[in-house]
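A.B. asks: Take a look and give me a structure for this.
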Amino acid sequence: MNSRPTIRRIGIFDSGAGGLTVLRVLRQSFPGVRFTYLGDTARLPYGTKSAETIIRYTIQNAAFLLKKKVELLIVACNTASAHALESLSTFTQLPVIGVIKPGAQKASLISRNGSIGVIGTQGTVSSGMYRKFIHQYRPNAQVHAKAAPLLVPLVEEGLVSGEIAEGAIRLYVDPLMEHGIDTLVLGCTHYPLLRDTIGKLYPGLNLVDSATPIRDELAV
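C.D. replies: Here you go, the predicted structure:
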């Protein structure tokens, strides 16, 4: 975190336990920083709710974290990142980082053939934000996005491997593979918990999650 040497308290929120995948990586990378995590499990999932509701939840979550004297906010929820960052920037003057733009940038850089798949909640996919930012970094990229509503409940129930998880993953990823994608954005912070299973089903497929791009952005 060379560019932000004075920041020692960071707040992170997500719609549930998925954002812990981001928290884990950041704790390992920045041991001198104190992190406060809020998982809004009471109102999970965000992906099926209206933009107005997501914005309201996001502001409420941010207000809670601001009381903890954090100096930077990370919106680990892809759906909230898609719909609420602009509203959040008017609510607080603290720096705010969402997960979509860093993930889109990384996918744009590592894809060999420019065919990139995205899976996420309905709210994230319908926002078109991944497509927007991928094209910002790689204008000629072919972006194929698909909502994957069954995956968050599976992760929350701990079903991250085995026949049920594999069947759900294939339901969403197989159609993307038909487009020749070589890179898949795991556009929800729950999905990295399925990373091993996805990698087993699709060896050689580049997988981009939220945690590493956020870490890299903080380290700049």
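A.B. asks: quick check: mean pLDDT across the host helix or strand of Gln28?
C.D. replies: Following DSSP states H and E, the helix or strand that holds Gln28 is helix 20-29. Here helix 20-29 scores 92 as its mean pLDDT.
A.B. asks: what does stretch 148-157 give?
C.D. replies: Per-residue pLDDT values across stretch 148-157 average out to 91.
A.B. asks: Can you name the residues in contact with it?
C.D. replies: With contact meaning C-beta atoms under 8 Å, 6 or more residues apart in numbering, stretch 148-157 is reached by 16-18, 44-45, 47-48, 119-122, 160, 164-165, 168-169, 171-172, 188, 190-191, 193-194. Heads up, the C-betas are built off the backbone N, CA and C, glycines and all.
A.B. asks: What segments of the chain are strands?
C.D. replies: For the chain, the strands defined by DSSP state E occupy 9-14, 34-39, 72-75, 96-98, 115-120, 142-147, 183-187, 206-208.
A.B. asks: Which neighbours in the sheet does the third one have, and how are they oriented?
C.D. replies: Listed by DSSP bridges, the sheet partners of strand 72-75 and their directions read strand 9-14 (parallel), strand 96-98 (parallel).
A.B. asks: most tightly surrounded among those?
C.D. replies: strand 9-14 (a mean of 24; mean count of other C-beta atoms under 10 Å).
A.B. asks: what does that one rub up against?
C.D. replies: 19-20, 22-23, 26, 33-40, 58, 61-62, 64-66, 68-77, 80, 189.
A.B. asks: Which members of those are classed as buried?
C.D. replies: Neighbour counting by 16 or more other C-beta atoms under 10 Å classes 19-20, 22-23, 26, 33, 36-40, 58, 61-62, 65, 70-77, 80, 189 among the contacts of strand 9-14 as buried.
A.B. asks: burial of the residue lying closest to Met129 once chain neighbours are set aside, as a residue count?
C.D. replies: Spatial nearest neighbour of Met129, chain neighbours left out: Ala82 (4.4 Å); criterion: C-beta to C-beta, 6 or more residues apart in numbering. By other C-beta atoms under 10 Å, the residues close to Ala82 number 28.
A.B. asks: Let me see the contact set for Ala82.
C.D. replies: For Ala82, the contacting residues are Gly98, Ile100, Gly123, Thr124, Ser127, Met129, by C-beta under 8 Å, 6+ apart.
A.B. asks: Select only the buried ones of these in ChimeraX?
C.D. replies: Buried residues within the contacts of Ala82, by 16+ other C-beta under 10 Å, are selected in ChimeraX with:
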select :98,100,123,124,127,129
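A.B. asks: what's the most distant pair in the contacts of Ala82?
C.D. replies: Spatially, the most separated pair among the contacts of Ala82 is Gly98 and Gly123, at 13.4 Å (C-beta to C-beta).
A.B. asks: any idea how far the closest residue in space to Gln142 that isn't next to it in sequence is from Val152?
C.D. replies: The spatially closest residue to Gln142, leaving aside those adjacent along the chain, is Ser115, at 4.7 Å (C-beta to C-beta, 6+ apart). Look at Ser115 and Val152: by C-beta to C-beta, to the nearest Å, they are 25 Å apart.
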